[in-house]
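1. my questions are about this predicted structure, shown below with the sequence.
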Amino acid sequence: MKLDGNIELVTNLGYPLYVLTILGTWKVLGAIALVVPGFPRLKEWVHAGIFFLMTGAALSHSFANDYGDYGFSIILPLSYAALNFASLALRPKIRKL
């Protein structure tokens, strides 16, 4: 999503603006894959992608010395990564491979 805040954030981190389009497309496709019933292997890949996306965001902020207020720019994506991992680990056995 090319909103003003996102454009400024991506520019400050040193990424080109087309990254927003790529990541946005993958996020929408991943959300659809998580909602559609079935496809357990695809859902595992989506969870892996979310984990890599969130840990990559935290690392990008830390390498750019953009910690935010009280480390918010690093703590928030790592919290999302932990929630994603918990969601994958705590799913019912019927949904596991």
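-> Sure thing, it's come through.
2. residue ranges with poor pLDDT in the chain?
-> For the chain, the stretches flagged by pLDDT under 70 are 1.
3. same thing but 80
-> The chain contains residues with pLDDT under 80 at 1-4, 93-97.
4. which residues touch the lengthiest helix in the chain?
-> Counting by DSSP state H, the longest helix found in the chain is helix 40-63. The contact list for helix 40-63 (Cβ atoms under 8 Å, 6 or more residues apart in numbering) reads 13, 15, 23, 26-27, 30, 33-34, 67-68, 73-74, 77-78, 80-81, 84-85, 87-88, 95-97. Just so you know, the C-beta spots here come from the backbone N, C-alpha and C atoms, and that holds for glycine as well.
5. rerun at 7 Å
-> Contacting residues not belonging to helix 40-63 are listed as 13, 26, 30, 33-34, 67, 73-74, 77-78, 80-81, 84-85, 88, 95, 97 [Cβ atoms under 7 Å, 6 or more residues apart in numbering].
6. in helices only, show me those.
-> If you go by DSSP H, the contacts of helix 40-63 have 13, 26, 30, 33-34, 73-74, 77-78, 80-81, 84-85, 88 in helices.
7. what about burial for those, which qualify?
-> Among the ones in helices among the contacts of helix 40-63, the ones that count as buried by 16 or more other Cβ atoms under 10 Å are 30, 73-74, 77, 80-81, 84, 88.
8. what's the farthest-apart pair in the residues you listed?
-> Greatest spatial distance in those: Ser73 and Leu88, 24.1 Å, computed using Cβ to Cβ.
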